[in-house]
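**Student:** Need a 3D model of the following:
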Amino acid sequence: MTQKIPTTVITGFLGSGKPTLIRHLIENANGRRIALIVNEFGDVGVDGEMLKACGNPDCTEDDILELANGCICCTVAEDFIPTMEKILARPERPDHIVIETSGLALPQPLVRAFRWPEIKTQVTVDGVVTLVDAAAVSEGRFAVDEAAVEAQRQADEMLDHETPLSELFEDQVSCADLIVVSKSDLVDDAGLETVETQVRAEMRSGVGVVRARHGALPLEVLLGLGAAAEEDDRKSHHELYHGGEEDDHDHDDFASFVATGGVVGDPADLTRHIEGLMRAHNILRLKGFAAVADKDMRLVVQAVGPRVDSYFDREWRPDEPRETRLVVIGEVGLDHAAIARTLAEVC
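**Tutor:** A predicted model of the protein is given here:
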């Protein structure tokens, strides 16, 4: 009880590959007992379900706690603190705790929550690991064109030229103790250099940057950083540039809903429809599970930007409805009805 339990906070924007990284970490735990807290933006706990299906004896279903339909950085007192207390009250405490934040979360308020008296004496933040999607950043989705911003500012000084997405990206990078450039196999060397240059401009001095393919990194790279991050005063973008407090953070700029359907006849047809939806409706993230005709296994569907990935993870349980449930996340203004109609054409 005298030794604090190290905790790793894994953050990163929507679709950056957090569950893949965590799954690889679990599968290579080498007997280390890991407790997971999985936080998602949306009503269906897709990431938690995927991790539970990995079947690793060092991380059972009882070791995975889900905080769904609410951002962990906004519900510290209501959700996070009680969940941590539940873990700490176990007779057999974990060797390490891993927290996967929502892609829309500010890591700074979560790190500060470890200063709460109920937590501080028993747990320390070993490190904040931020994933950056190499393909997305190389395509300029979070890059700021300073010349264009300046031109707009001169045209209208009252404009706020930074989007909510860019501020989230900056906050997640600036809070990190380690940056993982994920999906590095999708970008050539020159593109990776550009991504890393952009990341280094936002991150704190001395932070390491590593590249990862398919979430595969040695355990010793991710764990054991010894950062004690809760002792630092890591400020968010809003605090630094607007003088506000992190408690002002909310997600009124984002929306999510669950599209449900029946059995999919052809997974390739589902992929084509989702690719079209991502382009037509500026969807940030789509993920969930699909039931496929003549298949006893559940199809996991993950989409970000123009990329749609899918794989069968496990058989449907007898008590589960054989249906398709997909979480759609985007900025406010998503056309729910149109998206649901398009998905209904294939399931």
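
**Student:** which stretches of the stretch 51-200 of the chain form helices?
**Tutor:** For the stretch 51-200 of the chain, the helices defined by DSSP state H, counting those that start in this stretch cover 81-88, 107-113, 117-120, 134-138, 146-155, 164-174, 189-202.

**Student:** In terms of residue numbering, what are the domains of this protein?
**Tutor:** What automatic domain parsing lists as the domains of the chain is 5-248, 254-344.

**Student:** Tell me where the stretch 201-347 of the chain has strands.
**Tutor:** 208-211, 254-261, 263-264, 285-292, 297-304, 307-315, 324-331 (DSSP state E, counting those that start in this stretch).

**Student:** so which of those strands comes closest to residue 10?
**Tutor:** Minimum separation from residue 10 across these (CB to CB) falls at strand 208-211, 13.5 Å. (Each C-beta comes from the backbone N, C-alpha and C, glycine too.)

**Student:** send the alpha carbons of the closest one over as CSV?
**Tutor:** Extracted in CSV, the C-alpha atoms of strand 208-211 (Å, rounded to 0.1, in the frame of the first residue of the first chain):
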residue,chain,number,x,y,z
GLY,A,208,10.0,11.8,-27.0
VAL,A,209,8.5,11.0,-30.4
VAL,A,210,8.2,7.4,-31.6
ARG,A,211,6.7,5.9,-34.7
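
**Student:** Any chance of TSV for the strands of the stretch 201-347 of the chain, columns distance to residue 168 and mean pLDDT?
**Tutor:** Formatted as TSV, these follow (distance: least, CB to CB, whole Å; pLDDT from 0 to 100):
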stretch	distance to residue 168	mean pLDDT
strand 208-211	19	88
strand 254-261	10	82
strand 263-264	32	94
strand 285-292	13	87
strand 297-304	14	86
strand 307-315	20	86
strand 324-331	12	84
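
**Student:** Reformat these as JSON lines; add mean neighbour count and distance to residue 104.
**Tutor:** Below are the strands of the stretch 201-347 of the chain laid out as JSON lines (neighbours: other CB atoms under 10 Å; distance: least, CB to CB, whole Å):
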{"stretch": "strand 208-211", "mean neighbour count": "15", "distance to residue 104": "23"}
{"stretch": "strand 254-261", "mean neighbour count": "18", "distance to residue 104": "6"}
{"stretch": "strand 263-264", "mean neighbour count": "19", "distance to residue 104": "28"}
{"stretch": "strand 285-292", "mean neighbour count": "22", "distance to residue 104": "9"}
{"stretch": "strand 297-304", "mean neighbour count": "21", "distance to residue 104": "13"}
{"stretch": "strand 307-315", "mean neighbour count": "15", "distance to residue 104": "19"}
{"stretch": "strand 324-331", "mean neighbour count": "22", "distance to residue 104": "8"}
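
**Student:** Can you tell me which of those is nearest to residue 226?
**Tutor:** Ranking the strands of the stretch 201-347 of the chain by proximity to residue 226 (CB to CB) places strand 208-211 first, at 12.9 Å.

**Student:** Now mean neighbour count and distance to residue 293 too, for the helices of the stretch 51-200 of the chain, in a markdown table please.
**Tutor:** A markdown table is the format used below for the helices of the stretch 51-200 of the chain (neighbours: other CB under 10 Å; distance: least, CB to CB, whole Å):
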| stretch | mean neighbour count | distance to residue 293 |
| --- | --- | --- |
| helix 81-88 | 16 | 39 |
| helix 107-113 | 23 | 42 |
| helix 117-120 | 14 | 48 |
| helix 134-138 | 24 | 32 |
| helix 146-155 | 10 | 48 |
| helix 164-174 | 22 | 37 |
| helix 189-202 | 15 | 39 |
